[in-house]
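**Q** I'll drop the sequence and a predicted model, then ask my questions.
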Amino acid sequence: MNTENVIIIGAGCAGYTAAIYTSRANFSPLLITGGQIGGQLTTTTEVENFPGFPEGIMGPDLMYMMQQQAEKFGTRMAYESVVEVTKDKETHLFTVKTSGGSYKAKSVIVATGATARYLGILGEEGLVGRGLTACATCDGAFYRNVPVCVVGGGDSACEEAAFLTKFASKVYLIHRRDTLRASKIMVERTLANEKIEPIWDSTIVAYHTDDNGDVEGVMLQNTITGERTPLPVKCVFMAIGHTPNSSFLGDLVDRDDAGYIRRIPGLQATKTVGLFAAGDVTDPNYRQAISSAGMGCAAAIEAERYLLEIGE
Ligand code: NAP
């Protein structure tokens, strides 16, 4: 088995940027994509705040361009998912086990991002794709001229609600409090949109399905009074945040309470020498495309320095 200089895990902004830097520095990285090639930006529409695109750019287009740029400098892609990473105490080499095989590497950059959260209601998993989804961009167009709802009060919820007004007859925004967490500009746009109706202090406690097993409504519960009210909607778009994808690393990293990888302060390095983390998997604060890309760059430079130090 060849020993790779650097394996990058994850094909989002952080992973592709790390790949651009390490390949341009001639380290011939192997990038293992995972299931969501292009990462979270492939589930968004227009990105207006990535520098260099004054007219905005579609998320999937931006990610495709990043992949092309990484491949142009010699990044090799493996379309597999990583299930485990371990490090040999004697050789100091990493073993990266995937769905399709196993790789050895001198260094690893983890850029696996974060996965959408659901409410945890009994039977919820079986409804995903049957009127329950966490991706408005992917599924919004299926729900034309029918009422839908978005759950959450952050920027994602507001963005998804606005996007869905293009298709749905009505978009209810269900939030567990009476104040949105989203940025001021998003709050203003959301509350000014006539097709969006906020439902404050409320959570979903049950899903109602039709004879085919597709969602046809939800039962809401007021978080203050406890009162329950049915709401007929054809689709529920979940936007209540994400869980960082770090469990496959076992004890190689320390994590905070929410599962985000802890790094050595001021660096992308983790507690395991040669293992670096970048992007949403290690970032509870900013979680932006550009901040992820910045961390990917920093992780790549740290990995390059490590490889030079160990005599690569
Ligand atoms: P978020 O900011 O963490 O917001 C999650 C929302 O879901 C909160 O309103 C939260 O309620 C609610 N929530 C969490 N758990 C819940 C539960 N179990 N039941 C009901 N509601 C629940 O997540 P996000 O909106 O995905 O945004 C993540 C980050 O990405 C943020 O930093 C955001 O600014 C950024 N972002 C930026 C853009 C942009 O700039 N264009 C777009 C999307 C996201 P509480 O408010 O009560 O906690």
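**A** Cool, got the structure. Residues are numbered from 1 along each chain as shown.
**Q** How about the chain: which residue is closest to the ligand?
**A** Gly154 (2.4 Å; C-beta to the nearest ligand atom). In short, each C-beta sits where N, CA and C put it, glycine included.
**Q** Pull the contacting residues for that residue.
**A** For Gly154, the contact set (C-beta atoms under 8 Å, 6 or more residues apart in numbering) comprises Leu180, Arg181, Ala182, Ala239, Ile240, Gly241.
**Q** Kindly report the same for Gly129.
**A** Applying C-beta under 8 Å, 6+ apart, no residues contact Gly129.
**Q** Please apply the same query to Asp283.
**A** Tyr260, Ser291, Ser292, Met295.
**Q** Show me what from the stretch 51-200 of the chain comes close to the ligand.
**A** Applying C-beta under 6 Å from any ligand atom, one finds that the stretch 51-200 of the chain approaches the ligand through Leu119, Val151, Gly152, Gly153, Gly154, Asp155, Ser156, Ala157, Glu159, Arg176, Arg177, Arg181.
**Q** Lys87: neighbouring residues, count only.
**A** 17 (other C-beta atoms under 10 Å).
**Q** May I have the beta-bridge partners of it?
**A** Beta bridges link Lys87 to Phe94, judged by DSSP bridges.
**Q** Provide the secondary structure category for Gly126.
**A** helix (DSSP: H, G, I helix; E, B strand; the rest coil).
**Q** Name the helix or strand for the closest residue to it other than its chain neighbours, please.
**A** Excluding the flanking residues, the one nearest Gly126 by C-beta to C-beta, 6 or more residues apart in numbering is Gly213, at 7.8 Å. Using DSSP states H and E, Gly213 falls within no helix or strand.
**Q** In contact with Gly213: list those residues for me.
**A** Contacts of Gly213 were listed using C-beta under 8 Å, 6+ apart, and they are Gly126, Leu127, Arg130.
**Q** Helices of the stretch 201-312 of the chain, start to end?
**A** Remark: helices assigned in the stretch 201-312 of the chain by DSSP state H, counting those that start in this stretch are 289-309.
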